[in-house]
Structure formats: structure tokens, C-alpha cells
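K.L.:
build the 3D model from these lines:
(2 chains)
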Amino acid sequence: TQLLEQSPQFLSIQEGENLTVYCNSSSVFSSLQWYRQEPGEGPVLLVTVVTGGEVKKLKRLTFQFGDARKDSSLHITAAQPGDTGLYLCAGDTGTASKLTFGTGTRLQVTL
Amino acid sequence: EAQVTQNPRYLITVTGKKLTVTCSQNMNHEYMSWYRQDPGLGLRQIYYSMNVEVTDKGDVPEGYKVSRKEKRNFPLILESPSPNQTSLYFCASSLWGGNGYTFGSGTRLTVV
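P.N.:
Numbers count the residues shown, from 1 in each chain, chains lettered A, B, ... in the order given. Reported below is the predicted structural model:
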């Protein structure tokens, strides 16, 4: 089973700060997906990156897929309390039915 | 509204009493999957299905069964639940997997 390590595990910041979450593996992935999960709910897909070096922006969120397709990062600019949640990366090795999820980063943004 | 519907949301049962958690999607998705989420262990795949009548084991299939008789439905069956199956369960579906999954709202199962 491929392992996806996320760092940091926990992050507590104030509104307006910037942050970066990392997702690393020794395995190569065909695609890397990022999800956000709120308490008591299922994960919600934020973005999928498929090309090495690809950068995608979703408003204040910037996602990057590493050149070797083994790692990814999520950067949030000017965090807001609504960004609070559990951020999960998930890798697909080509058999798209089998996703491996990362360990998760729990983000709390306070006023 | 495009969604994955799981039922029930909460369930408390006793050891050994067979139960089924239902999952239905209205997006005509080919791929469906069941996960369990436990503190410190994250999301782990139980079973998945790439099409009707095609199912396969994920990382933690022991103690679970699934069936995919129709495209929209993918029930999870616990024939003889045990306390170590107490967990938060999620069903998810996708058009082809690599483009991302839509998750249900979860079923919190407690086995006493």
C-alpha cells in the first residue's frame, strides 16, 4: 500500500495569514486529488491535478503537482475562518478505482 | 441535485446482528467505493466497484461484503458485526475515478 504523508498534521493560524500544506510520497501517481472535510460530513473534492509540474488555482487556493508526480502542495492565501477543516490529499496510481488517502491536515483559522 | 445518499446516518447495533448500509448515486457514475474513517488511521478503502457486477477488495475488506446489481446502488453488508467495526463509513462515486469522487455524508456505526 502506497503511503501519502501530509504535513503539518495540525495548523492553527489567524485570519489573513498564508499557509502551505504538503503531501509527499515515494510512489508516482497518475493523479492527485485534494479534498476538504468538515466535521460530520464527507470529504468534498477541491481539485484534481494530473500533469507533473501542474499548477491550479481556485480563488485563494493554489495547488501544485510535483514534477515527478510524487508530491503536491496546497497554498492558501489570506486564510479565512471558512477555510477551517480537514484537508486530505489522495493519490491514484492509474487504477483509478483505488485511491490512497493521505494522513490529513487539520486547519483552524481564527478571527 | 447530484449526490451520493447513504442510509442510515447513525446506527447502533449489537455484536453479530447482520446489517446493511445502503448507498445510492444519481450521477450515472461507473465507479463506486466504500471507505471507513478512524482516528489516527485516516480513510481506508474497504471495497470498490468499477461497474455492475464488478467488485474488488480494498485495503480492509475483512468482515464486509458488497454487491453491485445496479449501477446506482452499492450496499455495504456486515454479516456479523463486531466492536472493531465501529467506525465512520463513507460511500463515494466517480465517473472514472481519476477525476475525483463525490462522497456521501457518512454513516456512523457503533457495534456494542
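
K.L.:
so is the least confident helix or strand in chain A by mean pLDDT next to chain B?
P.N.:
Averaged element by element with mean pLDDT, DSSP states H and E, chain A has its least confident helix or strand at strand A:99-101 (a mean of 88). Yes. Counting by CB under 8 Å from any CB of the partner chain, chain B has neighbours in strand A:99-101: A:99, A:101. Heads up, the C-betas are built off the backbone N, CA and C, glycines and all.

K.L.:
next secondary structure after that strand?
P.N.:
strand A:105-110 (DSSP states H and E).

K.L.:
residues touching that next one, excluding its own?
P.N.:
Applying CB atoms under 8 Å, 6 or more residues apart in numbering or on different chains, the external contacts of strand A:105-110 come out as A:6-15, A:17, A:19, A:21, A:76, A:79-88.

K.L.:
ok, residues contacting the lengthiest strand in chain B?
P.N.:
Ranked by residue count under DSSP state E, the longest strand found in chain B is strand B:42-51. The contact list for strand B:42-51 (CB under 8 Å, 6+ apart) reads A:43, A:88, A:90, A:97-99, A:101-104, B:30-38, B:55-61, B:64, B:66, B:68, B:71, B:74, B:76, B:89-90.

K.L.:
please repeat the previous calculation with a cut-off of 6 Å.
P.N.:
Applying CB atoms under 6 Å, 6 or more residues apart in numbering or on different chains, the contact partners of strand B:42-51 are A:97, A:101, A:103-104, B:30-37, B:55-56, B:58-61, B:64, B:66, B:68, B:74.

K.L.:
for the record, mean pLDDT for it?
P.N.:
Mean per-residue pLDDT for strand B:42-51: 93.

K.L.:
name the residues of the helix or strand just after it that are buried.
P.N.:
For strand B:42-51, the following helix or strand on the C-terminal side (DSSP H and E) is strand B:54-57. Within strand B:54-57, the residues scored as buried using 16 or more other CB atoms under 10 Å in any protein chain shown are residue B:55.

K.L.:
could you check how far strand B:54-57 is from the centre of its chain?
P.N.:
12 Å (CA atoms, centre = their mean, to the nearest Å).

K.L.:
flag every residue of chain B that's near chain A.
P.N.:
B:31, B:42-43, B:48, B:50, B:59, B:90, B:96-100, B:103-106 (CB under 6 Å from any CB of the partner chain).

K.L.:
how near is the residue nearest to residue B:78 when sequence neighbours are not counted to residue B:6?
P.N.:
Excluding its sequence neighbours, the residue lying closest to residue B:78 (CB to CB, 6 or more residues apart in numbering or on different chains) is residue B:19, at 5.2 Å. Separation of residue B:19 from residue B:6 (CB to CB, to the nearest Å): 13 Å.
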